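Trainee: Predicted model follows, preceded by the sequence.
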Number of protein chains: 2
Amino acid sequence: MKCLGLIGLGMIGGSIAAGLKRVSPQTRIVALDVSEDALRYGLSEGLIDDIAPTINDLMRMSDVICLCVPIKQLPTLMPALSAFSGVVTDVGSVKGPIVRLAEGLWGQLPANWIPAHPIAGSEQHSVRAARDDLFEAHKVILTPGNDVQGSAVELVSNLWQSLGAEVVVMSVAHHDDILAQTSHLPHLLAYTLVDVLAGFGDEREVFEYAAGGFRDFSRIAASDPVMWHDIFLTNKGPLLDRLRTVIEALEVTATLIEEESSEALLERLSRAKSARDYFADLQVQSAKKGA
Amino acid sequence: MKCLGLIGLGMIGGSIAAGLKRVSPQTRIVALDVSEDALRYGLSEGLIDDIAPTINDLMRMSDVICLCVPIKQLPTLMPALSAFSGVVTDVGSVKGPIVRLAEGLWGQLPANWIPAHPIAGSEQHSVRAARDDLFEAHKVILTPGNDVQGSAVELVSNLWQSLGAEVVVMSVAHHDDILAQTSHLPHLLAYTLVDVLAGFGDEREVFEYAAGGFRDFSRIAASDPVMWHDIFLTNKGPLLDRLRTVIEALEVTATLIEEESSEALLERLSRAKSARDYFADLQVQSAKKGA
């Protein structure tokens, strides 16, 4: 890869640029963004080498293009990529709609397009929050199509591995279901709980007494509402399936409390605690691997 | 206060002792606990001055007694306190059941009993996790009865203020409702979500891909299941009311996503984000006050 073209220079695009500049300073990076401020910041901080005025300029300058924009901007941007023969990848947190867009445009996901999703991020979304180690010891999921170019998978895989990430390959449907559970559902619960609590209180008095439990929830609800609105709607199917299961589980928990089914309630809480401990162990192992 | 008697030397009791030893080293502290290990640790670390072999010994040695045990141990411990004429306080996270226990034993909450609840803690519960600054810049809610001894309220108030806490007085019912919302409900949601996710996955595969959103939830589910089982059942009424409202709100959110009511969904998420930002501001102000 001689030149990486970034479409979108936010927190994720900026962190890819920052990481790549650290591990592979000879690779040129050019960027296209609607925000001139983001592009100027990227240039002045040395994250990018050049600004591409148009998508055609970006395609001419780059041999690999990475789309780091909100999913809803893809319908406008994707048609132009028909003319690009290099490798294309993206970082969208829902993969089904991207593949369906490609199928609508080109009949199938092009052989040179490798959908990718880095499982990393924060509630920040500006390029000013970019970090060169954001992806270290994090997983990146690739969901290549059936008729994929092997060399393109290898290139995108190597790109992420060079940033310290662990690359995993799975199907689009499996990816979207896993993410519905581990990311979209927690965010939806957090937004709903915070909204409900704000609605209960007399002048938001409840927040004055919020301790650890609520603090952890509310941090999740600090994320960009527009981004999460888009994610919830784009991953509608898997998210609704899982949400309905959670609502049913909450109803079961409510019944256990209502009927004071002490033993069954304790069993449920203990099972969750043991699953949580298993998860914490995984995190410790993964942190050790990263160190 | 010449001598504080602690019934229960866990994380909260231990942190009261540690804090008091720092700000008021001349105050003697004696403790009673079923765990000899906890008592020995308390003695060797200088958290307590003496061990009370029985509750009668503790009453004889102390002029103030603070109950720092799980609520379900109170029915066994409370009758003995009839013989105690000093000030009694407790740190239970649900106040209604304690007042009802007292009413059952003595007709009403005794004038020398000041129910208190420090809004501080963590998923730790051993005395080894005790910290002398645990209560600094945290709220402590007192819920005294109607026929209370003014001097007892003042004493308990001063005790908590000396540990750096901000003391607030409110009714038992209001306390239990506020805590149902800000603490018990988030814990219940976290336990349920973690349990549901653990149940979905093939060999808990989902946990391998869990990023920030899930991590914040799962930390809450690391708390002691026995303690939370007790809290959920003792604060059954207010908790179930609030839980049912959250279930309804989740059903509304599900419908908005199902019907792709883009505007209403975004409005809901933005409202939550603005409530969260308000909460974050409060926290910053409170941290400044504490500093």
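Mentor: Cool, got the structure.
Trainee: Following element in sequence after the lowest-mean-pLDDT helix or strand in chain A, please.
Mentor: Taking mean pLDDT, DSSP states H and E as the measure, chain A has helix A:212-220 as its least confident helix or strand, at a mean of 74. As assigned by DSSP states H and E, the chain's next helix or strand after helix A:212-220 is helix A:225-234.
Trainee: tell me what that following helix is packed against?
Mentor: Counting contacts by 3 or more C-beta pairs under 8 Å, 6 or more residues apart in numbering or on different chains; DSSP states H and E, helix A:225-234 packs against helix A:185-200, helix B:262-290. Placement of C-beta: from N, CA and C, glycine included.
Trainee: Output the contacting helices and strands for the longest one.
Mentor: Applying 3+ C-beta pairs under 8 Å, 6+ apart, one finds that helix B:262-290 contacts helix A:185-200, helix A:212-220, helix A:225-234, helix B:236-258.
Trainee: Could you save those as CSV and add columns showing distance to residue A:272 and mean neighbour count?
Mentor: Below are the helices and strands packed on helix B:262-290 laid out as CSV (distance: least, C-beta to C-beta, whole Å; neighbours: other C-beta atoms under 10 Å in any protein chain shown):
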stretch, distance to residue A:272, mean neighbour count
helix A:185-200, 14, 24
helix A:212-220, 14, 22
helix A:225-234, 24, 22
helix B:236-258, 16, 18
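Trainee: Tell me which of those helices sits nearest to residue B:128.
Mentor: Closest to residue B:128 of these, according to C-beta to C-beta: helix A:212-220, at 18.7 Å.
Trainee: give me the low-pLDDT residue ranges for the stretch 1-150 of chain A?
Mentor: Flagging of the stretch 1-150 of chain A using pLDDT under 70 yields the residue ranges A:122-123.
Trainee: From residue B:196, how far out is the residue in it that chain B sits nearest to?
Mentor: Closest to chain B within the stretch 1-150 of chain A is residue A:119: 4.7 Å, counting by C-beta to the nearest C-beta. The gap separating residue A:119 from residue B:196 is 20 Å, by C-beta to C-beta, to the nearest Å.
Trainee: do the same with residue A:22
Mentor: 40 Å.
Trainee: Residue A:171 too?
Mentor: Relative to residue B:196, and taking C-beta to C-beta, residue A:171 is found at 22 Å.
Trainee: could the helices and strands packed on helix A:225-234 be laid out in JSON lines, adding distance to residue A:250 and mean pLDDT?
Mentor: Formatted as JSON lines, the helices and strands packed on helix A:225-234 follow (distance: least, C-beta to C-beta, whole Å; pLDDT from 0 to 100):
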{"stretch": "helix A:185-200", "distance to residue A:250": "10", "mean pLDDT": "86"}
{"stretch": "helix B:262-290", "distance to residue A:250": "18", "mean pLDDT": "82"}
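Trainee: And those: which comes nearest residue B:226?
Mentor: Closest to residue B:226 of these, according to C-beta to C-beta: helix A:185-200, at 24.1 Å.
Trainee: quick one, which of the helices and strands packed on helix B:262-290 is nearest to residue B:4?
Mentor: Here helix A:212-220 is closest among those (C-beta to C-beta), at 25.7 Å.
Trainee: Report all helices and strands that the closest one contacts.
Mentor: Using 3+ C-beta pairs under 8 Å, 6+ apart, the elements in contact with helix A:212-220 are helix A:185-200, helix B:185-200, helix B:212-220, helix B:262-290.
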